[in-house]
Structures are given as structure tokens and as C-alpha cells.
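Asker: kindly generate the corresponding structure for this input.
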Amino acid sequence: MGFDSEPVSVPITDVFDLHPFAPRDVKAAVEAYLEEAHSLGLTALRIIHGRGIGVQREIVRKVLARTPFILSYSDAPGEAGGWGATIVTLRPPQP
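Answerer: Take a look at the predicted model:
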């Protein structure tokens, strides 16, 4: 029995944890997540990237900085992950 190479379907919620993703997949995963979250009408998200040395945080922030429907982003409050997570505000989708 082999493993399927089919992509895994991940439910889109307001929290996205990057821990299961390989570093090389983070950029594409965040881009796809943001597009889907925006199309579903979500306007407040939390992306969990972990603390580490800040590599994934930097990737996330670069994607956010160039995504047109992102209104703002910042470190999460301490009780929501602090600098190990990023809080994101999206512009609502246009009808």
C-alpha cells in the first residue's frame, strides 16, 4: 500500500497553523489560505508560525505585505501566541 499524492483538504477557519508545513511550502500555503479565507468572507485571522528564529514569521509578513486585500497585521496578543503568531485583518470581499 502506497501513500496517495493527493493534496490534503484543510478546512478553512480563522486560525491557520503552519507547524505541519515544510518550510519550502509555507509561502504557497499562506498565499492559498489567504485567498480562500478572503473568498469565504473571513475578515480576522490568526496565522501561527511559531517563534523559532523568525524565518517563517518573515515569510508570512512578506506575503501579507504584498496581498492587496490585507488591511493590517501585527503580532498576536500574548495570550494568543505573542510574536509566534500574526493577527491579520482582511478587507471584506466585494460583492
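Asker: list the buried residues for the lengthiest helix in the chain?
Answerer: The single longest helix within the chain, with elements called by DSSP state H, is helix 26-39. Within helix 26-39, the residues scored as buried using 16 or more other Cβ atoms under 10 Å are 26, 29-30, 33-34, 37-38. C-beta: built from backbone N, CA, C; applies to glycine.
Asker: how about the strands in this protein?
Answerer: Applying DSSP state E to the chain gives strands spanning 15-17, 44-48, 70-75, 85-90.
Asker: redo these as CSV? Include mean neighbour count, distance to L64 and mean pLDDT.
Answerer: Putting the strands of the chain into CSV (neighbours: other Cβ atoms under 10 Å; distance: least, Cβ to Cβ, whole Å; pLDDT from 0 to 100) gives the following:
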stretch, mean neighbour count, distance to L64, mean pLDDT
strand 15-17, 16, 12, 95
strand 44-48, 19, 8, 96
strand 70-75, 14, 5, 97
strand 85-90, 20, 6, 97
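Asker: and these as a markdown table, adding distance to I59?
Answerer: A markdown table is the format used below for those (distance: least, Cβ to Cβ, whole Å):
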| stretch | distance to I59 |
| --- | --- |
| strand 15-17 | 13 |
| strand 44-48 | 10 |
| strand 70-75 | 13 |
| strand 85-90 | 11 |
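Asker: out of the buried residues of helix 26-39, which comes closest to R61?
Answerer: The nearest member of the buried residues of helix 26-39 to R61, counting by Cβ to Cβ, is V30 at 9.9 Å.
Asker: low-confidence regions, this structure specifically.
Answerer: Counting by pLDDT under 70, the chain shows low-confidence ranges at 1-10.
Asker: go again with 50.
Answerer: The model of the chain has pLDDT under 50 over residues 1-5.
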